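Enquirer: prediction below, plus the sequence it came from.
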Amino acid sequence: MTTEQAKTRAEAAFTRKESQVREGSKAMADYQAARAAEAEKTVRLRALRLARDAEAKTQQATRQPKRHSRANHGSRLIRSARRRSSPAASRGDSVI
């Protein structure tokens with residue numbers, strides 16, 4: 001290999017290393033920008049979630065408890081009494 005070829009090869013290697021350093025620093029900057037954007041988004045979404053949960057909690061506290069109707073409750077009692085007093089139940093037969 002002549003000195004001229006060695007010099008050309010060395011310059012090409014140096015140029016290649018320089019471009020790798022530039023690309024590496026650009027990639028790191030892009031990575032850090034993406035991480036910062038993700039962190040900001042996380043903070044914003046956490047604040048929205050906490051506000052939503054606090055609103056739901058206050059609405060739940062001010063809401064009146066549900067009242068069950070007596071008619072539905074009474075009919076269940078009558079049906080269960082009928083099942084217990086059926087002749088099939090006293091013989092041990094299954095009721096379908």
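Expert: Okay, I see it.

Enquirer: what about Arg35, how many neighbours?
Expert: Look at Arg35: counted by other Cβ atoms under 10 Å, it has 10 neighbours. Every C-beta, even on glycine, is put in place using the N, C-alpha and C of the backbone.

Enquirer: same thing with Thr15?
Expert: Here the number of neighbours of Thr15 (other Cβ under 10 Å) works out to 10.

Enquirer: ok, the one 4 residues further on next?
Expert: Under the neighbour criterion other Cβ under 10 Å, Ser19 is assigned a count of 10.

Enquirer: any weak-confidence spans in this protein?
Expert: Counting by pLDDT under 70, the chain contains low-confidence residues at 65-96.

Enquirer: in it, which spans are helices?
Expert: When assigned using DSSP state H, the helices of the chain occupy the ranges 3-62, 70-84, 87-91.

Enquirer: the longest one - contacts with which helices or strands?
Expert: Helix 3-62 makes packing contacts with no helix or strand when contacts are defined by 3 or more Cβ pairs under 8 Å, 6 or more residues apart in numbering; DSSP states H and E.

Enquirer: so who does Arg63 touch?
Expert: Under the criterion of Cβ atoms under 8 Å, 6 or more residues apart in numbering, Arg63 has no neighbours.

Enquirer: look up how far Lys57 lies from it.
Expert: As defined by Cβ to Cβ, to the nearest Å, Arg63 lies at a distance of 11 Å from Lys57.

Enquirer: same deal with Arg49?
Expert: Using Cβ to Cβ, one obtains 12 Å as the distance from Arg49 to Lys57.

Enquirer: repeat that for Gln20.
Expert: Shown here: Gln20 relative to Lys57, a distance of 55 Å by Cβ to Cβ.

Enquirer: ditto for Lys7
Expert: When Cβ to Cβ is the yardstick, Lys7 and Lys57 sit 75 Å from each other.

Enquirer: neighbours of Thr8, how many?
Expert: Residues contacting Thr8 under the criterion other Cβ under 10 Å number 11.
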